[in-house]
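[1] just coords:
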């Protein structure tokens, strides 16, 4: 997973994935300009395995996190990141099972698919509880994320998950016991997005009385 | 604030603010390409006004949220957003007091400056409590946000806040009573980022026993 090598970085003037849009508008009559990106809305799912009394997260290498945690340097005619100084582990994150809403189906259906693809469980639609929705970003992207909660058992297991190999996804599924999850969530040495942290706090405020 | 007019949208090939970087790397020997953006790390502060028993948030128009909540249309030779169909209120967010780490000072010092600029309170450094840090994004941006908590009183008030007018900032400071804040935080009709929601849940888990 974290065996990362041969990293080069180049400025890219045309990206299929990152398209800046320039908004010009007037606010209270004053002319303004802001560059923003349109990105897909998404879903995220807090998964709790009742059979093991553990939360299920996904572990993966995220290039954007790696870039933020490392330094580029010029080498010959390339800009590189030296993986001896900045090992791939710097880009490893722990996140909720999640996915983009890039199909014309409901957020709950996307959640069901992602639980299956990434984590290897077949969960009935009616067991996927809508928690809330919020903004993943407010500055350059303004996309919405729908948060769900689902409980699974070993009987629902269909495989080992890991993402869609044909799409190049490399995802490890990990379980963190409920008794250890708060320490895990608050550990600043771990790269974890704020959505995962909110979800776990929500769980303790709404799903337990302990 | 939400009086937005004359909105045009254009693709922009060169943005000072959004620069896609292309990372090429090998993961377990397989060649991969990922486009990511380098953005500044940031701070956010949950502010609690002890004099009014209320939380302090900032309210502002966010073009990226407005773009996500509206639809563009072709009009003559321009792409516009019709503000009769999509009023500026669709882009209004409620957020924590926050700012980018774009100066060479500590996150706590940035937090102190933002509390002053955006919300109009002079808070001593030692009253600004580090809560945690996390990733604001994992896909296209991988920046870190440092979350702080500070209690203020009316005696610390220096002005009305509102951001730096010379930088074009237009920010309303609002207070939500503690008794109403959970309803506010979970209201999906309000555009609010997940960091603010996490902070409020953290408060109730750590700062009260009620």
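    Thanks, I have it. What you see is a predicted model; the values in this text were computed from it and never measured.
[2] can we go C-alpha only for contacts and neighbour counts from here?
    Noted.
[3] what residue ranges in chain A are flagged as low confidence?
    A:209-210 (pLDDT under 70).
[4] As a quick check, tell me the outermost residue of it.
    Distance from the C-alpha centroid of chain A peaks at residue A:29, with 38.7 Å (Cα atoms, centre = their mean).
[5] Which strands or helices does the longest helix seen in chain A pack on?
    Assignment by DSSP state H gives helix A:194-206 as the longest helix of chain A. Applying 3 or more Cα pairs under 8 Å, 6 or more residues apart in numbering or on different chains; DSSP states H and E, one finds that helix A:194-206 contacts strand A:42-49, helix A:181-185, helix B:194-206.
[6] Tell me how many other residues crowd residue A:6.
    Counted by other Cα atoms under 10 Å in any protein chain shown, the residues lying close to residue A:6 total 15.
[7] Nearest residue to it in space, please, no chain neighbours.
    residue B:25 (5.2 Å; Cα to Cα, 6 or more residues apart in numbering or on different chains).
[8] Return the distance of the longest helix of chain A from the chain's centre.
    Offset of helix A:194-206 from its chain centre (Cα atoms, centre = their mean, to the nearest Å): 15 Å.
[9] What residues sit buried inside stretch A:3-19?
    A:4-5, A:7-9, A:14-15, A:18-19 (16 or more other Cα atoms under 10 Å in any protein chain shown).
[10] Can you name the residues in contact with the longest helix of chain A?
    Contact with helix A:194-206 is made by A:46, A:95-96, A:147, A:181-182, A:185-186, A:210, B:134-136, B:194-195, B:197-198, B:201-202, as judged by Cα atoms under 8 Å, 6 or more residues apart in numbering or on different chains.
[11] angle of that helix against strand A:42-49?
    With axes from the mean of the first three to the mean of the last three Cα atoms, to 10 degrees defining the directions, helix A:194-206 sits at 50 degrees from strand A:42-49.
[12] mind listing what's buried in helix A:194-206?
    Applying 16+ other Cα under 10 Å to helix A:194-206 flags A:194-202 as buried.
[13] And stretch A:74-83, by the same measure?
    Within stretch A:74-83, the residues that count as buried by 16+ other Cα under 10 Å are A:79-83.
[14] Help me see whether that stretch makes contact with chain B, please.
    No: using Cα under 8 Å from any Cα of the partner chain, stretch A:74-83 stays clear of chain B, coming no nearer than 9.1 Å.
[15] ditto for stretch A:172-190
    Yes: contact between stretch A:172-190 and chain B is present through A:186, A:188 (criterion: Cα under 8 Å from any Cα).
[16] Count the neighbours of residue A:179 for me.
    Neighbours around residue A:179, by other Cα under 10 Å: 11.
[17] you'd agree it is in a helix?
    Yes: under DSSP: H, G, I helix; E, B strand; the rest coil, residue A:179 falls within a helix.
[18] So which of the buried residues of stretch A:74-83 are in strands?
    If you go by DSSP state E, these have A:79-81 in strands.
[19] hey, what's residue A:35 bridged with?
    Under the criterion DSSP bridges, residue A:35 forms beta bridges with residue A:22.
[20] Look at it and say how many residues are nearby.
    24.
[21] Pretty sure it sits against residue A:22.
    Yes: in this structure, residue A:35 is within contact of residue A:22 by Cα atoms under 8 Å, at 4.5 Å.
[22] For chain A, just list every one of the helices.
    Under DSSP H, chain A gives helices at A:63-69, A:107-114, A:181-185, A:194-206.
[23] ok, the residue nearest to the spatial centre of chain A - contacts?
    When Cα atoms, centre = their mean is applied to chain A, the residue found nearest the centroid is residue A:95 (5.2 Å). Residue A:95 makes contacts with A:57-59, A:192-193, A:196, as judged by Cα under 8 Å, 6+ apart.
[24] Just give me the closest of these to chain B.
    Comparing the contacts of residue A:95 against chain B with Cα to the nearest Cα places residue A:193 closest, at 4.5 Å.
[25] Now that closest one. Nearest residue, chain neighbours left out?
    Per Cα to Cα, 6+ apart, closest to residue A:193 is residue B:135, 4.5 Å.
[26] pretty sure the one you found contacts residue A:190?
    No: with contact defined as Cα under 8 Å, residue B:135 does not reach residue A:190; the gap is 9.7 Å.
[27] Compare these two (neighbour count), which wins?
    Between residue B:135 and residue A:190, residue B:135 has the larger neighbour count (other Cα under 10 Å), namely 23 against 17.
[28] in the sheet, who's paired with the more buried one?
    Bridge pairing for residue B:135 - DSSP bridges - gives residue A:193, residue B:144.
[29] which residues does it contact?
    A:191-194, B:142-145.
[30] Report how many residues lie close to residue A:36.
    The burial count for residue A:36: 29, using other Cα under 10 Å.
[31] Which one, of the helices and strands packed on helix A:194-206, ends up nearest to residue B:50?
    helix B:194-206 (13.6 Å; Cα to Cα).
[32] hmm, back to that, in CSV: the contacts of residue A:95, plus distance to residue B:75.
    Formatted as CSV, the contacts of residue A:95 follow (distance: Cα to Cα, whole Å):
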residue, distance to residue B:75
A:57, 46
A:58, 45
A:59, 46
A:192, 43
A:193, 40
A:196, 42
